[in-house]
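Colleague: show me how the following folds:
(chains A, B and C)
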Amino acid sequence: MLHDHLAQDLYTEICRIPIIDPHSHIDPHRPTARSLDDILGYHYYTELAHSVGMDHGPLAADVDPRERVRAILYHMTQFDNTAQFQWFLEIARAFLNYQGKHLDLADCSWLCDAAERLMAQPDWETQVFRKSNLEKVFLTNDFDDPLEGFDATRYIPCLRTDDLVFRLDTPAVRERVAKATNIEVGDPATLRRAVTALFEHFTRRGARACAISLPPDFEPSTLPQGNLSKALSGKHSAQEDRHALSLGVFWMLAEHCQEFRLPFDLMIGVNRRVYPRGVFQGQDLFDQRTSLLQYAELFNAFPEVPFCVSVLSSGQNQELASYSWIFPNVITSGHWWYSNIPAYIEQDARARLHAVPKTKQIGYYSDMYKLEFALPKYNMYRRILARILADDYIRPRLYTVRQALELARLLLRDNSRRIFNL
Amino acid sequence: MLHDHLAQDLYTEICRIPIIDPHSHIDPHRPTARSLDDILGYHYYTELAHSVGMDHGPLAADVDPRERVRAILYHMTQFDNTAQFQWFLEIARAFLNYQGKHLDLADCSWLCDAAERLMAQPDWETQVFRKSNLEKVFLTNDFDDPLEGFDATRYIPCLRTDDLVFRLDTPAVRERVAKATNIEVGDPATLRRAVTALFEHFTRRGARACAISLPPDFEPSTLPQGNLSKALSGKHSAQEDRHALSLGVFWMLAEHCQEFRLPFDLMIGVNRRVYPRGVFQGQDLFDQRTSLLQYAELFNAFPEVPFCVSVLSSGQNQELASYSWIFPNVITSGHWWYSNIPAYIEQDARARLHAVPKTKQIGYYSDMYKLEFALPKYNMYRRILARILADDYIRPRLYTVRQALELARLLLRDNSRRIFNL
Amino acid sequence: MLHDHLAQDLYTEICRIPIIDPHSHIDPHRPTARSLDDILGYHYYTELAHSVGMDHGPLAADVDPRERVRAILYHMTQFDNTAQFQWFLEIARAFLNYQGKHLDLADCSWLCDAAERLMAQPDWETQVFRKSNLEKVFLTNDFDDPLEGFDATRYIPCLRTDDLVFRLDTPAVRERVAKATNIEVGDPATLRRAVTALFEHFTRRGARACAISLPPDFEPSTLPQGNLSKALSGKHSAQEDRHALSLGVFWMLAEHCQEFRLPFDLMIGVNRRVYPRGVFQGQDLFDQRTSLLQYAELFNAFPEVPFCVSVLSSGQNQELASYSWIFPNVITSGHWWYSNIPAYIEQDARARLHAVPKTKQIGYYSDMYKLEFALPKYNMYRRILARILADDYIRPRLYTVRQALELARLLLRDNSRRIFNL
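Modeller: Numbering: from 1, shown residues only, chains lettered A, B, ... in the order given. Below is the predicted model:
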């Protein structure tokens, strides 16, 4: 509950707006959790438990899931101050009927039982959609995903391209491309044909975005004539090849986004495997020394491609707000990863609201692996949004309550509908 | 109106302090708007309209001004969440007697008519000065401005030096220098004589500051003996020459600021033409990867020159607060451009107030092209200042109300009077 | 007093928690001030007075201390808006019975008299400990400090290593090492023996941490075989040697922290002597362009060494919150120097509380030279902490008051006890 009554009332109304969630990692074949292990297996919990001393033991595949849950809950008392703990508490309250005040290890069995019982209901997915007021959820699909057998009214495919851009030098990825497209990539022409085939497959299957995460030093540009060809044939040292390949493939993807009228989600700033002994998905960190200036050539070259940009720091958010204010094709997108905690969401969202046209902002996305996380994550955002609307728009008499709610609707639903052409 | 009564009362009192506006782009021969087109022609509106999809068509010189206004108002519904929209709303209310709640395209004709009627009054400039409580406004003058024919009690010239520092390699600028000074610049000696002539002209005509905007990678330093001479005679490649020239001219300007006892306004961080297809003045952006450390040699070399420093990001504002706390000759100056929105003004102003001596802070400047913008822009700042004074100074019993208002007076008027020697 | 009653009540309770102050510059042989000169001689006052125009004259050793105090108080009217002035006001109120509202030059004699009278009391140190609720205070000891003759129940030695890492190329430091250890350092083996001897000496005398401050571009790494040896024998140019030495010694210190189970305090980001004409200790500044990525190799190489990391900017604090969330051995530590003002403490502390496990945060340290500063500096932090706990934890019903106070106890006392093994 929010202390401020106006903000609380706004929050209640904002929760009525159906959500289009433009970025998640949902497996549409298994979208919900089936146990508490599926909830606490989210890397936000395993990495925080590891951060306070849990070793890799409980995370092994052959460990009894309840033992794993018990280990994480045991360590959770050391991070019950975090936003991530609050997500878990809200899941327990909203989905598992937890009514206690002090969620801890003593609740383990009860919570596990409740989770297994409730999540086994045949309409659980529908219940979660309804309780969370979800309308549509974007997926993150490998380029060789067959995109078959899921409910296309709920789930929207999205072509994730990290492997193509950063690992096309590996035989494994080349083989996956060959298998997915029946094209052996060996030169720029076959590469282009393969990429086109992937875009055709994805758009036929309803994909509405292309997406990629990028390291802080990435600087997209066109390659000098011949460099991509050399890189594809492996004439240089491995590192030079990989770099040239990443630039060449990335640019080709942007060209395809233009041709296929797909927005390109750029998630900028992550270095992979900074802490290689970390848990799965808990090894990556950022370097604040990065600038959107690195993307100026790209933004200028593709004026018709909407670039939905996510960043990892408040410093870069200030750049993002400014670049989106100037470039017609730069959209602010969500509050990503290490920025996705209230202290940063609040200042980043306020800055965007003060500076960026309201039609160019995608307010939030869940980044979730299981549907149950939409509710607590969106609630975190909605509470902050309600406070900003109360303090910065309604009380200063810039907006009526109705206008404020229309703005919230753009941020949570309508901008995504329009930008991703749903 | 501010929700908090103490802050609202402070705001009312702060509005009674006459303003010395130490940086604007006012044309003293035509200081006020004559139509709504002059108001909405401000690049903040044209660039935001362009950002949401307006093409360059309506901005062409031969378009009927009312059609241009209509086009911008039409697109403005997409950015009525921004601080810039709020400025416009306050102008409409304060100067055009607009009393509606929902300013939009339907108000276009009425607003245009009101603007033309009211702004045509012979005492309009005086009305705007009085309503805005303006005392003096600094100008931004090209180095070859004759500085004649304007009201010197209201308008203070300022020598803007971007052309000298960054474009002296072009024949056009050399010719303008020759015309303005009767000196053909060909070597360091003639350059120095020309610069001296410009400073003499400006200070004779009442100039009180030298100013420049600088790219994020600029690092002033003395040149090795002979380099300026070579650069002036064009012996190197164009880019090397330009770089050496910029360093050499910049340093010479600082020497003249010392000799002529003029403060030097440094506006640090802008890259020009990042989005070359943007509207006029809507093409420049910043790169957060910059540091005031780049200016340490300069600050050390000219201890008697007050450097009034503006920055473009909150990250660099933290550096600015610290450098101004340590260097006697570093003054914090205003909230510039992309930083000039409430979310950033608030945190930047708070940090300066907590860390920098109150006599070394220039609270705000308008950066306006038409006088009507002083009122809404200063109001934005004054509201934030009132809140900070209430929450951080009066409620914690550090300051009485009277002391708080004295602080506000320093920020809005008296520091500028003293620093610029008015 | 805090405006918000819940926050005020929390603040009162938080003040009851005994403090373990994990970083100070206290001289245990003379821990308290003996005059107002000792208070206002703190570099925060001399540098701010210098920043508003005080020359070096009053700081000379032969100046009458009351004249120095008078000079600083005279200039203080120009910085009575700063957090540092507030510290002084609280010292005057809490320790000198000052009851006025407007502390200024007129109070000089009275304050000086009161200070001399009160501070001369034989139990003054004990009074200050009690009034400030101090339990233990860490020192900053040169590597050749004999660590004798002080109260080891109150003061905890800490091995400060800046000289070893950055100045071992100077004969003066080599001689100090030789004198302290009876080992002439000439190659990696003798260096290692000397460092081991220092660690043995310090840990025998109760040291609980190793500490160092580091420039923004420092990037610890292992040296190629042979480089340290060459650097120690001075075969390269001075700058190369110094760089190799700093890397080699730093790494060796980390190895010793592991062997001797000492946490390593890293204070990251300061450039020394940026303003060389500044007052003593008022010459250093930071460069925001730095990243904790530079420390990834170190954090990975020593998983068992707790690294207590301090940073100088909010930009880097966002990195710190994220690195501490991921790396088990990275601890967030205090609010250092230019970050130690309310505007930045507030956002930095909130971010850490939302993102970092509560057991991995050292809330605050005083960095003080005289014990009297613990009270106002910790009060500044405790007020902010109380507000965050009220707004972000208790009002949203995440924490009960009791849980909130337990969190405060970890931040102010218990985490330091555990991490430094007291």
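
Colleague: which residues in the stretch 101-250 of chain A form strands?
Modeller: Here the stretch 101-250 of chain A has its strands, by DSSP state E, counting those that start in this stretch, at A:134-138, A:155-156, A:158-160, A:209-214.

Colleague: looking at the ones you listed, which is buried most?
Modeller: strand A:158-160 (a mean of 26; mean count of other CB atoms under 10 Å in any protein chain shown). Bear in mind the C-beta positions are built from the backbone N, C-alpha and C, glycine included.

Colleague: residues contacting that strand, please?
Modeller: With contact meaning CB atoms under 8 Å, 6 or more residues apart in numbering or on different chains, strand A:158-160 is reached by A:23, A:138-143, A:198-199, A:202, A:207-212, A:262, A:265.

Colleague: buried subset of these?
Modeller: A:23, A:138-141, A:143, A:198-199, A:202, A:207-212, A:262, A:265 (16 or more other CB atoms under 10 Å in any protein chain shown).

Colleague: residue ranges with poor pLDDT in chain A?
Modeller: Scanning chain A for pLDDT under 70 picks out A:1-2.

Colleague: residues in contact with the residue nearest the centre of it?
Modeller: Among the residues of chain A, the one closest to the centroid is residue A:367, at 3.5 Å (CA atoms, centre = their mean). Neighbouring residues of residue A:367 by CB under 8 Å, 6+ apart: A:23, A:24, A:25, A:334, A:336, A:337, A:340, A:377.

Colleague: wait, the first one sits on residue A:368?
Modeller: Put plainly, it is residue A:23. No. Look at residue A:23 against residue A:368 with CB atoms under 8 Å: they stay out of range, at 9.2 Å.

Colleague: if we can go back for a sec, how about the contacts of residue A:367 in a markdown table, adding distance to chain B and secondary structure?
Modeller: Formatted as a markdown table, the contacts of residue A:367 follow (distance: CB to the nearest CB, whole Å; DSSP: H, G, I helix; E, B strand; the rest coil):
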| residue | distance to chain B | secondary structure |
| --- | --- | --- |
| A:23 | 23 | coil |
| A:24 | 26 | coil |
| A:25 | 29 | coil |
| A:334 | 17 | coil |
| A:336 | 17 | coil |
| A:337 | 19 | helix |
| A:340 | 18 | coil |
| A:377 | 22 | helix |
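
Colleague: what are the ranges of the strands in the stretch 251-400 of chain A?
Modeller: A:264-268, A:270-271, A:285-286, A:307-311, A:330-333, A:361-362.

Colleague: which strands and helices lie in contact with the second one?
Modeller: Which is strand A:270-271. Helices and strands touching strand A:270-271, by 3 or more CB pairs under 8 Å, 6 or more residues apart in numbering or on different chains; DSSP states H and E, are strand A:285-286.

Colleague: give me that answer again for 6 Å
Modeller: Here strand A:270-271 touches no other helix or strand, going by 3 or more CB pairs under 6 Å, 6 or more residues apart in numbering or on different chains; DSSP states H and E.

Colleague: again with the fifth one
Modeller: Where contact means 3+ CB pairs under 6 Å, 6+ apart, strand A:330-333 is packed against strand A:307-311, helix A:314-326.

Colleague: run the chain-centre distance for the last one.
Modeller: Remark: helix A:314-326 is offset 19 Å from the chain centroid, using CA atoms, centre = their mean, to the nearest Å.

Colleague: and the first one, by the same measure?
Modeller: Computed by CA atoms, centre = their mean, the separation of strand A:307-311 from the middle of its chain amounts to 10 Å.

Colleague: what pairs with that strand, and is each one parallel or antiparallel?
Modeller: strand A:264-268 (parallel), strand A:330-333 (parallel) (DSSP bridges).

Colleague: any chance of TSV for these, columns distance to residue C:322?
Modeller: Converted to TSV, those look like this (distance: least, CB to CB, whole Å):
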stretch	distance to residue C:322
strand A:264-268	15
strand A:330-333	19
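
Colleague: residue B:76 is nearest to which of the ones you listed?
Modeller: strand A:330-333 (18.9 Å; CB to CB).

Colleague: stretch A:362-381: end-to-end distance?
Modeller: 12 Å (CA to CA, to the nearest Å).

Colleague: of the contacts of residue A:367, just say which sits nearest to residue B:38.
Modeller: The closest of the contacts of residue A:367, once distances to residue B:38 are taken by CB to CB, is residue A:334, at 38.5 Å.

Colleague: and the stretch 301-422 of chain A, which residues reach chain C?
Modeller: A:313, A:315, A:338, A:341, A:342, A:343 (CB under 6 Å from any CB of the partner chain).

Colleague: for the residues you listed, pick the one with the most neighbours.
Modeller: residue A:313 (30 neighbours; other CB atoms under 10 Å in any protein chain shown).

Colleague: how about the contacts made by that residue?
Modeller: Counting by CB atoms under 6 Å, 6 or more residues apart in numbering or on different chains, residue A:313 touches A:288, C:318.

Colleague: so it versus residue A:290, what's the distance?
Modeller: 8 Å (CB to CB, to the nearest Å).
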